[in-house]
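>>> Here is a sequence together with a model predicted from it:
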Number of protein chains: 2
Amino acid sequence: MTPFKLSDELIEKIEALIDSDSKHDLLQMLHDVHYADIAEIINELNLEEATYLIKLLDSKKTSDIITELDEDVRDKILNNLSSKEIAKEIVELDTDDAADIINELPDERKEEVISYIDDHEHAKDIVELLRYDEDTAGGLMAKELVKVNENWTVLNCVKEMRAQAEHVTRVHSIYVVDDNEKLIGRLSLKDLLTASTRSAIKDVYITKVDYVSVHDDAEDVARIMAKYDLEAIPVVDELGRLVGRITIDDIIDVIRDEAERDYQMAAGISKDVEAKDSILKLTRARLPWLLIGTFGGMMAAKIITSFQQGMGDYVILLSFVPLIQATAGNVGVQSSAIIVQGLANDSIDGQILSRLFKEFLLGLVNGGSIASVVLLITHFLFDTQYVVSLTIGIAIISVIIIAAIIGTFIPIFLHKRGIDPAVATGPFITTSNDIFGILVYFSIAKLILGF
Amino acid sequence: MTPFKLSDELIEKIEALIDSDSKHDLLQMLHDVHYADIAEIINELNLEEATYLIKLLDSKKTSDIITELDEDVRDKILNNLSSKEIAKEIVELDTDDAADIINELPDERKEEVISYIDDHEHAKDIVELLRYDEDTAGGLMAKELVKVNENWTVLNCVKEMRAQAEHVTRVHSIYVVDDNEKLIGRLSLKDLLTASTRSAIKDVYITKVDYVSVHDDAEDVARIMAKYDLEAIPVVDELGRLVGRITIDDIIDVIRDEAERDYQMAAGISKDVEAKDSILKLTRARLPWLLIGTFGGMMAAKIITSFQQGMGDYVILLSFVPLIQATAGNVGVQSSAIIVQGLANDSIDGQILSRLFKEFLLGLVNGGSIASVVLLITHFLFDTQYVVSLTIGIAIISVIIIAAIIGTFIPIFLHKRGIDPAVATGPFITTSNDIFGILVYFSIAKLILGF
């Protein structure tokens, strides 16, 4: 398979065809292109061109394209379509994608769009999904699924499934419910293929079925599905009734979003920006974190100034501030990153004390190695007294241990309080470690050198 | 569903049962526990206890457990089993998991284990998979799939599928091949359910089928499957012959591993360590990056010392070194993280110059804001001359712009050279920005203040 490649030439060619209103050529050119690829093309077009394409293409295809667009591009395009036109796209979509799109509309348009959906059942399903928070199982699930009653026979079941399957893009499992719609088990397609047509479902279904509840956290659902290798999971309401199912492709988005958010937080970027966003949006995501660093830097300056006055002969100590700071920052980020990732994977048990002790030992080992390197280099490259080198060495070990402990403690503490520990990575941890590191450095120096 | 929760009590209870050799109680207790959960339990046991459990449980279950264990635990347990015992586990597994396990064995044991696999076809398939690099489509694929010949009828096909389905855990798609085993299309189960049994496959199959080649990069396969929402993708060899298929659950692992690796690199940790690893292993992963910071710090010290001599009255400038350094580091990490993530998502086109210009503008905006804050604070909180504050402000703007440009340029440059741009994040970018930042700061100060 030759992967689709977005190129400037392709965009220019499409823009030219739109300019010259060459509908036939455009339709022919895009006929075999996957909707996810067309979405990438449209992301690069201006609003007018994008709207032109969306109106030109068949709504079976454009509905899928719309779900794949960048959120800001989608917002603008939907804003350019009438409620009736949006409804025409919505009816082509599965309920989960339909609800996601409607959720992005301004409140006053939501109802209008829904009122234009002719299929009453479909509209009812979408309205039901709108009730759930998007970060929950209810917010992820779709209403499209294949379910059978325990009292049917396999033959009934196959017939009924043929009808239901019309509305379901991919059949993963067949869910078995009782007369009260309560989820009681599942059937695999394989079982159905191999069972006799006269058997009762009651006698062939599997009672063991994994499920989640509508209010379960989306990230927990992702963890469960990944851990148990599930390709779909049924969702039940408070009464245990089968109300929807979540498929693995939606979970991939959850996993990716979670990873991206943690990564961006560690890098000091508020979530949800991309390289192609506007300078204003990027500044809003980046400046707050930089300002934290600024205030930390000013505080460090204050600390240094206060020590500087009595320093006299030992002004050489100031040259090693970057070393102290870089080390404290690096150690803090390493320690916190390991903890944050461990918490995300659920692979860390809560024993704070033993973990802090381990970081203390790690700090001793790393600190000792780094201090030796520093002693060696200062001895050969700098014109410092031996006692000054020693001071720097001792300070480095102390700073590393303190930085490691802060980097470990803060994420665990936040996690216990129910706050996302990822906020403690990046500039937050570096800044606090900068300040502590410099304070410890000069305090130790003052103690040893006695200025 | 009440999610399984690993607790100290549970581990202790199981250890006690193993101690007292209570086979029956253990079997009963673990009967309904999912293999992924038992793997979590075994990860916490000592080697003797772990081996006891593996030998006690049914090999249908233990084979799956073994695939889910932590790699180091698995290595030790396999080391404790005879080649015949390992072969007994292997035959229960799908070919992809089997090949992964055999790949981890020492070379001399590989052949021995394979020689104990009775099912010749299965052994042949596994040996074929061992040929491929684990980071390629061939390394991810399994041989288990359902394929039909274009010349069959739907009835033939259903019969044949029943037989093939015995060996395939989950049927995603039915692949259609010609007489030369070349992949020519696919059939969905839905199509099969709704087609007449007398139709020829030739007349009902879909010719459009996505596929990858055995040598395609695993991360590219992940991107394709995620982008096109595929739950399985067929793999072809150099002649276009269908040789395997990759399922979405394997792709989830690829996506997670990729995200974890990028995250750890950004945090200055070599890949593949966890909080519970030994201090030695953790030190090996962390110390090299810390040493980069150490050398950077020493270089910065050298720069500062060389400027310090002529500095005279302006020794106050030294107090602001942490500010300069923190700002340079933070900006560099932000810029590089956005680029690295954009490259990973394939959402960055290659225009270096326009991207650098954008970072320049961003640097101006952010730098201007931060410089104003710094001017204000130094004015009110520090006893500095106005010209010194101004110097610091101008230096901050320059440092931010340079850091942003370095942070943007390096990952793009590495990517163009075919090197993973993630190596440029974390300590690497912070250290180079520290050095450049301090050099620029003092150079500008010297220029303006003339010392």
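Cool, got the structure.

>>> Flag every buried residue along the worst-scoring helix or strand of chain A on mean pLDDT.
The weakest-scoring helix or strand in chain A, judged by mean pLDDT, DSSP states H and E, is helix A:189-194 (a mean of 71). Of all the residues in helix A:189-194, those buried under the rule 16 or more other C-beta atoms under 10 Å in any protein chain shown are A:189, A:190, A:191, A:192, A:193. Every residue, glycine included, has its C-beta placed from N, CA and C.

>>> downstream neighbour of it in the secondary structure list?
Moving toward the C-terminus from helix A:189-194, the next helix or strand (DSSP states H and E) is helix A:201-204.

>>> Any stretches of chain A with poor pLDDT?
Within chain A, the stretches with pLDDT under 70 are A:1-3, A:165-171, A:190, A:271, A:349-350.

>>> all helices for the stretch 251-400 of chain A, in order.
A:279-308, A:321-344, A:352-381, A:386-416 (DSSP state H, counting those that start in this stretch).

>>> Could you tell me which residues within stretch A:97-107 count as buried?
Quick answer for stretch A:97-107 (16+ other C-beta under 10 Å): A:97, A:98, A:99, A:100, A:101, A:102, A:105.

>>> quick one: which of these sit in helices?
A:97, A:98, A:99, A:100, A:101, A:102 (DSSP state H).

>>> Closest one of the residues you listed to chain B?
residue A:97 (10.7 Å; C-beta to the nearest C-beta).

>>> could you say what helices and strands the helix or strand where residue A:147 lies packs with?
For residue A:147, the enclosing helix or strand under DSSP H and E is strand A:146-149. In terms of contacts (3 or more C-beta pairs under 8 Å, 6 or more residues apart in numbering or on different chains; DSSP states H and E), strand A:146-149 is packed against helix A:154-165, strand A:174-177.

>>> ranking the ones you listed by burial, who's on top?
strand A:174-177 (a mean of 22; mean count of other C-beta atoms under 10 Å in any protein chain shown).

>>> That one pairs with which strands, and in what direction?
Note on strand A:174-177: by DSSP bridges, its sheet partners are strand A:146-149 (parallel), strand A:183-187 (antiparallel).

>>> For the stretch 101-250 of chain A, what lies in contact range of chain B?
A:158, A:161-162, A:165, A:170-171, A:189-190, A:193-194, A:208, A:210-213, A:220, A:224, A:226-229, A:231, A:248-249 (C-beta under 8 Å from any C-beta of the partner chain).

>>> Residue A:427 and chain B, how far apart?
5 Å (C-beta to the nearest C-beta, to the nearest Å).

>>> and that residue, what does it touch?
Applying C-beta atoms under 8 Å, 6 or more residues apart in numbering or on different chains, we find residue A:427 in contact with A:268, A:289, A:290, A:292, A:293, B:330.

>>> again, only using 7 Å
Counting by C-beta atoms under 7 Å, 6 or more residues apart in numbering or on different chains, residue A:427 touches A:268, A:289, A:292, A:293, B:330.

>>> can you list these in a markdown table and add neighbour count and distance to residue A:408?
What follows is these, written out as a markdown table (neighbours: other C-beta atoms under 10 Å in any protein chain shown; distance: C-beta to C-beta, whole Å):
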| residue | neighbour count | distance to residue A:408 |
| --- | --- | --- |
| A:268 | 25 | 20 |
| A:289 | 23 | 21 |
| A:292 | 19 | 20 |
| A:293 | 27 | 21 |
| B:330 | 32 | 22 |
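
>>> for these, which one is nearest residue B:46?
Nearest to residue B:46 among these, counting by C-beta to C-beta, is residue A:268 at 41.8 Å.

>>> Show me chain A divided up by domain.
A:8-136, A:146-259, A:279-449 (automatic domain parsing).

>>> Of these, which is nearest residue B:31?
domain A:146-259 (11.4 Å).

>>> gap between the two ends of the closest one?
32 Å (C-alpha to C-alpha, to the nearest Å).

>>> What residue in the stretch 151-300 of chain A comes nearest to chain B?
residue A:297 (2.8 Å).

>>> wait, doesn't that residue sit right on residue B:321?
No - if you go by C-beta atoms under 7 Å, residue A:297 and residue B:321 don't touch, sitting 8.9 Å apart.

>>> Could you verify that residue A:172 is part of a strand?
No - using DSSP: H, G, I helix; E, B strand; the rest coil, the assignment for residue A:172 is coil, not a strand.

>>> So it sits against residue A:232, correct?
Yes - Residue A:172 is within contact range of residue A:232, at 3.6 Å (criterion: C-beta under 7 Å).

>>> Find the residues that touch each one of those two.
With C-beta under 7 Å, 6+ apart as the test, residue A:172 and residue A:232 both reach residue A:247.

>>> Can you show me the CA trace of stretch A:17-35 as PDB?
Taking Å, rounded to 0.1, in the frame of the first residue of the first chain, the C-alpha atoms of stretch A:17-35 are listed here in PDB:
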ATOM      1  CA  LEU A  17      -9.700  23.000  -9.700                       C
ATOM      2  CA  ILE A  18     -11.900  24.600  -7.000                       C
ATOM      3  CA  ASP A  19     -11.000  28.100  -8.500                       C
ATOM      4  CA  SER A  20     -12.100  27.000 -11.900                       C
ATOM      5  CA  ASP A  21     -15.200  25.300 -10.600                       C
ATOM      6  CA  SER A  22     -14.200  21.900 -12.200                       C
ATOM      7  CA  LYS A  23     -16.700  19.800 -10.300                       C
ATOM      8  CA  HIS A  24     -16.400  16.800 -12.500                       C
ATOM      9  CA  ASP A  25     -12.600  16.700 -12.300                       C
ATOM     10  CA  LEU A  26     -12.600  17.100  -8.500                       C
ATOM     11  CA  LEU A  27     -15.100  14.300  -8.000                       C
ATOM     12  CA  GLN A  28     -13.100  12.000 -10.200                       C
ATOM     13  CA  MET A  29      -9.800  12.900  -8.500                       C
ATOM     14  CA  LEU A  30     -11.100  12.400  -5.000                       C
ATOM     15  CA  HIS A  31     -13.300   9.400  -5.700                       C
ATOM     16  CA  ASP A  32     -10.800   6.800  -4.500                       C
ATOM     17  CA  VAL A  33      -9.200   9.000  -1.800                       C
ATOM     18  CA  HIS A  34     -10.000   7.800   1.800                       C
ATOM     19  CA  TYR A  35     -12.000  10.300   3.900                       C
END
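
>>> Run through who's touching that stretch.
Under C-beta under 7 Å, 6+ apart, the answer for stretch A:17-35 is A:4, A:38, A:49, A:52, A:53, A:56, A:57, A:61, A:64, A:65, A:68, B:228.

>>> Which among the residues you listed count as buried?
Buried among the contacts of stretch A:17-35 by 16+ other C-beta under 10 Å: A:4, A:38, A:49, A:52, A:53, A:57, A:61, A:64, A:65, A:68, B:228.

>>> possible to save the residues you listed as TSV with secondary structure and distance to residue B:127?
Below are those laid out as TSV (DSSP: H, G, I helix; E, B strand; the rest coil; distance: C-beta to C-beta, whole Å):
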residue	secondary structure	distance to residue B:127
A:4	coil	35
A:38	helix	43
A:49	helix	54
A:52	helix	55
A:53	helix	50
A:57	coil	48
A:61	helix	44
A:64	helix	41
A:65	helix	44
A:68	helix	41
B:228	coil	31
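
>>> Just the closest of the residues you listed to residue A:11, please.
The closest of these, once distances to residue A:11 are taken by C-beta to C-beta, is residue A:49, at 9.6 Å.

>>> Pull the contacting residues for that closest one.
Residue A:49 neighbours (C-beta under 7 Å, 6+ apart): A:15, A:18.

>>> what about residue A:272, how many neighbours?
If you count neighbours by other C-beta atoms under 10 Å in any protein chain shown, residue A:272 ends up with 13.

>>> got it, and residue A:331?
Other residues close to residue A:331 by other C-beta under 10 Å number 33.

>>> what do you get for residue A:183?
There are 20 residues near residue A:183, going by other C-beta under 10 Å.

>>> count of neighbours near the nearest residue to it once chain neighbours are set aside?
Excluding the flanking residues, the one nearest residue A:183 by C-beta to C-beta, 6 or more residues apart in numbering or on different chains is residue A:242, at 4.3 Å. Using other C-beta under 10 Å, residue A:242 has 21 neighbouring residues.
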